[in-house]
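Trainee: Output the structure for:
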Amino acid sequence: MDDLRTERIEQLLDYIMKKCLWQFHSRAWDRKDQNENILTKTKQLLCDEKVTLETPADRCYWVDAVLLAEAFRERYGWLGGLSRDDIADIMQGLHDRLDYLTITGSLNKELTDQHY
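Mentor: Next up, the predicted model:
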């Protein structure tokens with residue numbers, strides 16, 4: 001299951017890396033907020049959970065999440081065969097991997113430059 005889980009996470013990650021501009025904000029805190037909010041809302045949509053839309057920022061993240069959830073459902077039919085717990089696990093793995101690639105593992109010094 002670990003190999004299959006990793007393969008599925010990489011498929012979703014590949015889509016984000018090729019199609020989503022929100023991952024390329026110039027500061028680490030921006031990237032962290034984007035990753036957290038968009039992927040959390042995408043997970044909620046994929047798991048048929050209630051999505052919080054209380055602030056303008058919530059609504060902004062929700063728009064990206066709706067598009068991402070639709071793209072994931074359209075391209076990755078295996079999502080339809082997973083339980084909510086399995087989808088949540090895949091999405092957490094995706095979030096961890098995306099944070100590593102775009103924030104914690106990045107060698108881009110601009111991400112933490114206080115004057116940028």
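
Trainee: Report the buried residues of the host helix or strand of Leu13.
Mentor: For Leu13, the host element (DSSP states H and E) is helix 2-19. In terms of neighbour count (16 or more other CB atoms under 10 Å), helix 2-19 has its buried residues at 8-9, 11-13, 15-16. To be clear about C-beta, it is placed using only N, CA and C from the backbone, and glycine gets the same treatment.

Trainee: That one packs against which elements?
Mentor: helix 56-75, helix 84-99 (3 or more CB pairs under 8 Å, 6 or more residues apart in numbering; DSSP states H and E).

Trainee: what about 6 Å?
Mentor: helix 84-99 (3 or more CB pairs under 6 Å, 6 or more residues apart in numbering; DSSP states H and E).

Trainee: So what touches the helix it packs on?
Mentor: With CB atoms under 6 Å, 6 or more residues apart in numbering as the test, helix 84-99 has contacts from 8-9, 12-13, 35, 39, 43, 46-47.

Trainee: Between all of the residues you listed, which two are separated the most?
Mentor: Leu13 and Cys47 (18.8 Å; CB to CB).

Trainee: ok, for the residue positioned nearest the centre of the chain, nearest residue in space, not its chain neighbours?
Mentor: By CA atoms, centre = their mean, the chain has its centre lying nearest to Leu39, at 3.4 Å. Among residues not flanking Leu39 along the chain, His95 sits closest, at 4.6 Å (CB to CB, 6 or more residues apart in numbering).

Trainee: just Ala71 next, same as before
Mentor: Tyr15 (6.4 Å).

Trainee: ok, that neighbour to Leu4 distance?
Mentor: 17 Å (CB to CB, to the nearest Å).

Trainee: One more: Ser83?
Mentor: 14 Å.

Trainee: Rounded mean pLDDT for stretch 71-89, please.
Mentor: Across stretch 71-89, pLDDT averages out at 97.

Trainee: same check, this time on stretch 6-25
Mentor: 91.

Trainee: Please list the outside residues in contact with it.
Mentor: Under CB under 6 Å, 6+ apart, the answer for stretch 6-25 is 31, 34, 64, 90, 93-94, 97, 102.

Trainee: Export it to CSV, keeping only CA atoms.
Mentor: This file holds the C-alpha atoms of stretch 6-25, laid out as CSV (Å, rounded to 0.1, in the frame of the first residue of the first chain):
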residue,chain,number,x,y,z
THR,A,6,3.3,7.3,-2.9
GLU,A,7,2.4,6.8,-6.5
ARG,A,8,-1.0,8.4,-6.0
ILE,A,9,0.5,11.4,-4.1
GLU,A,10,3.0,11.9,-6.9
GLN,A,11,0.3,11.9,-9.5
LEU,A,12,-1.6,14.7,-7.6
LEU,A,13,1.7,16.5,-7.0
ASP,A,14,2.6,16.4,-10.6
TYR,A,15,-0.7,18.0,-11.5
ILE,A,16,-0.2,20.8,-9.0
MET,A,17,3.4,21.4,-10.1
LYS,A,18,2.4,21.7,-13.8
LYS,A,19,-1.0,23.4,-13.6
CYS,A,20,-1.2,25.5,-10.4
LEU,A,21,0.5,28.9,-10.0
TRP,A,22,-0.5,29.4,-6.4
GLN,A,23,2.4,27.3,-5.2
PHE,A,24,4.9,29.8,-6.5
HIS,A,25,4.4,32.7,-4.1
